[in-house]
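>>> Give me a 3D structure for the following:
(2 chains)
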2 protein chains.
Amino acid sequence: MGRSLGEGGTALMERLDILKGLAVENGTKIVLLVMDGLGGLPGPGGETELEAASTPNLDLLASRSDTGLLEMVDTGITPGSGPGHLGLFGYDPLKYQIGRGILEAIGVGVEVNPGEICARGNLCTWGEGDLVLDRRAGRVDTETSSRIVCKLSEKIRSIDGYGVRFYPGIEHRFVVVLSGEDLNDQVSDADPQVDGRPMVWSRPLAPGAEKTALLINGLIRKVRETLSDELKANGCLLRGVSGTPGIPLMPDLYRFRPAAIATYPMYKGLARIVGMEILPAGKTIEGLFQALRANWAAFDFFFVHVKYTDSRGEDGDFDSKREVIEKVDSLVPEVLDLGPDVLAVTGDHSTPSIMASHSWHPSPFLLASSLVRPDGSTSFGERNCARGSLGIIPAHKLMGLLLAHAGRLSKYGA
Amino acid sequence: MGRSLGEGGTALMERLDILKGLAVENGTKIVLLVMDGLGGLPGPGGETELEAASTPNLDLLASRSDTGLLEMVDTGITPGSGPGHLGLFGYDPLKYQIGRGILEAIGVGVEVNPGEICARGNLCTWGEGDLVLDRRAGRVDTETSSRIVCKLSEKIRSIDGYGVRFYPGIEHRFVVVLSGEDLNDQVSDADPQVDGRPMVWSRPLAPGAEKTALLINGLIRKVRETLSDELKANGCLLRGVSGTPGIPLMPDLYRFRPAAIATYPMYKGLARIVGMEILPAGKTIEGLFQALRANWAAFDFFFVHVKYTDSRGEDGDFDSKREVIEKVDSLVPEVLDLGPDVLAVTGDHSTPSIMASHSWHPSPFLLASSLVRPDGSTSFGERNCARGSLGIIPAHKLMGLLLAHAGRLSKYGA
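Predicted coordinates:
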């Protein structure tokens, strides 16, 4: 690999360092309305879902907004839900990565807080000594495993001063969360990989991870003791240890009180990891906007997440995705009635119905405030945004723009 | 401002590492059609060469493509042929650099493969001991030097287990290529710089280059022995040692079978260095497209290189450059007939006829696939592309976009 030309120079300042240094508190309100998988591709009629949708409120908003496209991760890269949202929250998804284990855990409703680590567990059958007879305990049924994991929850609240929380899953699966100081997820799986082999214990994979490997192994021994009277599911394996090391929290970075209004566990979990308060929001799109109104006074920044645009896109159902967009459009006045200082509307990635999957296509966005240069757009859509006043920008730069429009960033340099 | 907030987090991932991690194989075909120096500037009629050209096929293609401009190296930087093409192949030209020596060598048809190094040689006249009497052997004539270099080719096939290949040049000049493990081009010239001085031998300039310096010096001694019966040209100097260290190969990065169809040695050489197969292509523009058809089944990615747009631009001949573009346009249906999944058309830099040289102006491009958001362009030209749906993007990001449109990249993150 070639030499870096920059090696001799001064270090480039990190954008988040800059934002943190400039952020100031004030009384402004910011709303980030995310329609998951909003971006699309032309359907049979030549228009995208968003372009085809009847969106009088968003169109009017676009006519007095800055618009553009967000590149969520990098050109041509299709983001998963984790990287897509990290970008919207201001974190470069190529720098900040959330482990697959923790994403799976929060996706099923496990609450993981900053600094905690989680692992996927298997209930298993142990024989003599270290021998693991069956890595899935004969695929124990969910009812039995729930009972057993509840027993673990009752008996094992901590280990070596670290908090332990168990969450039951399907059949032999469960999740465990460890909380305490200096946890490090760079440890190997505690898993023999094959039935009938001796246990292979967790090892540290990086300096500083020794303690966590010991905790993982100690916890397995404690589970073994606790389940010694069980016949089949008398032990466990722990795999895919992952945490959220090094992700700075939004309240510290941006000096505001952020709240998340979302219906799906994954998005609540992501928001929790970056330091947002999670507000109760029910299950409907209307519920999101009711929760916004109910909590308007208590927070400065609101992340409102609509899941169903993505779901219908993933279904390959062009018309239903369009209808979800129309539904959201009809509720936009609810937001405007609250008088936000800054309102941005976008997606966390594209989910074109014709692909029935996430895609790399940049995400249309609009940014409404009293400090914009409206670009002549008269409707909100991918092709209009491609000609928008803000061009194509990396998604992780949007947050700074929202802060700026809210008067929450002081000047850089004298 | 203090520490980078990212210090506790993970390091920024390199784009090529990401692409390599996401790339999957499938049966899709990608064509990258490069008209060298395609971009231009307005001529007397107010239009660029591309805008003035009658290009019905490219215009139709543009109307169902994504379009934009490629920044080849960086804003305002005029690229040579090496950086221009490295960018198109996905390598950031500010990070990956190919030595001038190797570019000169491949420019005259020397075949250099990944991992090999080459050096420019002078036949010279040696006196007693280490004394170099004439660094150019009295500017020996090309016929004589060809005979002598052929003799070297016959007598010296290897040294210390490393392969040696000689290529004759004009007058006293020749090129030598060394092949084998762990070659390192960070060595000084073996050249006294001035006639009548003792030889200055090659020295390592970096750790790990000791072996290569010894090989270079050993080769010079072996040449001296082999030519001991020559009167004038009885030895050689070796200078400008350069290789392709650390450039990852396209087949490994992108998991496809790439082929190059080009008429000029420089472009074949560049393609060889990054791991493409070089296909026989004749000397005409028609020949390029015949070669494409003939080899369609055997490869996944085709780099088709048209040289003459650049040549006519360098001549300052606006009309002839326009005519080359029109010629290529007339052959575009030949490509479309093959049914590529993705077709991109662009240049490796601009060569405006009114400048008669390479320039920094970004290069227009179109990308046709079934997954585009056509931006309303009805013709292919610089000013239309400047308003295109993809904006101005770094050229080295195009390759990832081609892979994405070909369904060859999996999702980033869960």
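>>> so A:L50 sits in a strand?
No: using DSSP: H, G, I helix; E, B strand; the rest coil, the secondary structure at A:L50 is helix, not a strand.
>>> Now it. Nearest residue, chain neighbours left out?
Closest residue to A:L50 apart from its sequence neighbours, by C-beta to C-beta, 6 or more residues apart in numbering or on different chains: A:G381 at 5.2 Å. C-beta here means a position set from N, CA and C on the backbone, and glycine is covered the same way.
>>> can you check A:R139 too?
Distance criterion C-beta to C-beta, 6+ apart; nearest residue to A:R139, sequence neighbours excluded, is A:E171 at 5.3 Å.
>>> A:I98 too?
Using C-beta to C-beta, 6+ apart, the closest residue to A:I98 is A:G82 (4.8 Å).
>>> count of residues packed around that neighbour?
26 (other C-beta atoms under 10 Å in any protein chain shown).
>>> and it, what does it touch?
A:93, A:97-98, A:103, A:270, B:413-414 (C-beta atoms under 8 Å, 6 or more residues apart in numbering or on different chains).
>>> Mind doing that once more with 7 Å?
A:G82 is in contact with A:98, A:103, A:270, B:413-414, counting by C-beta atoms under 7 Å, 6 or more residues apart in numbering or on different chains.
>>> From A:A105, how far off is it?
Distance from A:G82 to A:A105, counting by C-beta to C-beta, to the nearest Å: 12 Å.
>>> Chain B contacts on the stretch 251-400 of chain A?
Residues of the stretch 251-400 of chain A that fall close to chain B, judged by C-beta under 7 Å from any C-beta of the partner chain: A:355, A:358, A:360-361, A:382-383, A:386-387, A:391-392.
>>> try 6 Å this time
Near chain B, the residues belonging to the stretch 251-400 of chain A are A:358, A:360, A:382, A:386, A:391-392 when assessed by C-beta under 6 Å from any C-beta of the partner chain.
>>> Could you work out the most separated pair of those?
A:H358 and A:G391 (22.7 Å; C-beta to C-beta).
>>> Give me the buried entries from the residues of the stretch 251-400 of chain A next to chain B.
By neighbour count, with 16 or more other C-beta atoms under 10 Å in any protein chain shown, these hold A:358, A:360, A:382, A:386, A:392 as buried.
>>> picking that back up, now render the residues of the stretch 251-400 of chain A next to chain B as JSON lines, adding distance to A:A206.
Formatted as JSON lines, these follow (distance: C-beta to C-beta, whole Å):
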{"residue": "A:H358", "distance to A:A206": "31"}
{"residue": "A:W360", "distance to A:A206": "31"}
{"residue": "A:E382", "distance to A:A206": "42"}
{"residue": "A:A386", "distance to A:A206": "43"}
{"residue": "A:G391", "distance to A:A206": "40"}
{"residue": "A:I392", "distance to A:A206": "36"}
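>>> from those, which single one is nearest A:L33?
Using C-beta to C-beta, A:E382 is the member of these that sits closest to A:L33, with 17.0 Å.
>>> Ignoring the adjacent residues along the chain, who's closest to A:G129?
A:P198 (7.3 Å).
>>> For the one you found, name its beta-bridge partners.
A:L131 (DSSP bridges).
>>> surely it meets A:D130?
Yes: between A:P198 and A:D130 there is a contact under C-beta atoms under 6 Å: 4.3 Å.
>>> Would the worst-scoring helix or strand of chain A on mean pLDDT count as contacting chain B?
Among the helical and strand segments of chain A, the one scoring lowest on mean pLDDT, DSSP states H and E is helix A:100-107, with a mean of 80. Yes: interface with chain B: helix A:100-107 contributes A:100, A:103 (C-beta under 6 Å from any C-beta).
>>> next structured bit after that helix?
Once the chain leaves helix A:100-107, the next helix or strand it forms, by DSSP states H and E, is strand A:117-126.
>>> Now do that next one against helix A:100-107, angle only.
Interaxial angle, strand A:117-126 versus helix A:100-107 (axes from the mean of the first three to the mean of the last three C-alpha atoms, to 10 degrees): 90 degrees.
>>> Which strands and helices lie in contact with strand A:117-126?
Secondary-structure packing of strand A:117-126 (3 or more C-beta pairs under 6 Å, 6 or more residues apart in numbering or on different chains; DSSP states H and E): helix A:100-107, strand A:131-134, strand A:173-179, strand A:235-243.
>>> Only the buried residues of the longest one, if you could.
Of all the residues in strand A:235-243, those buried under the rule 16+ other C-beta under 10 Å are A:235-243.
>>> Reformat those as TSV; add pLDDT and distance to A:N57.
Shown next, in TSV, are the buried residues of strand A:235-243 (pLDDT from 0 to 100; distance: C-beta to C-beta, whole Å):
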residue	pLDDT	distance to A:N57
A:G235	97	57
A:C236	97	52
A:L237	97	52
A:L238	96	49
A:R239	93	47
A:G240	89	43
A:V241	92	46
A:S242	89	40
A:G243	85	41
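>>> Give the residue spans of chain A that score low on pLDDT.
Residue ranges of chain A with pLDDT under 70: A:1-12, A:245.
>>> Have a look at it and report its longest helix.
In chain A, taking DSSP state H as the definition, the longest helix is helix A:318-337.
>>> so what does the following helix or strand past that one touch, helix or strand wise?
Helices and strands here follow DSSP H and E; after helix A:318-337, the next one along the chain is strand A:342-346. Secondary-structure packing of strand A:342-346 (3+ C-beta pairs under 6 Å, 6+ apart): strand A:30-35, strand A:363-368, helix A:398-405.
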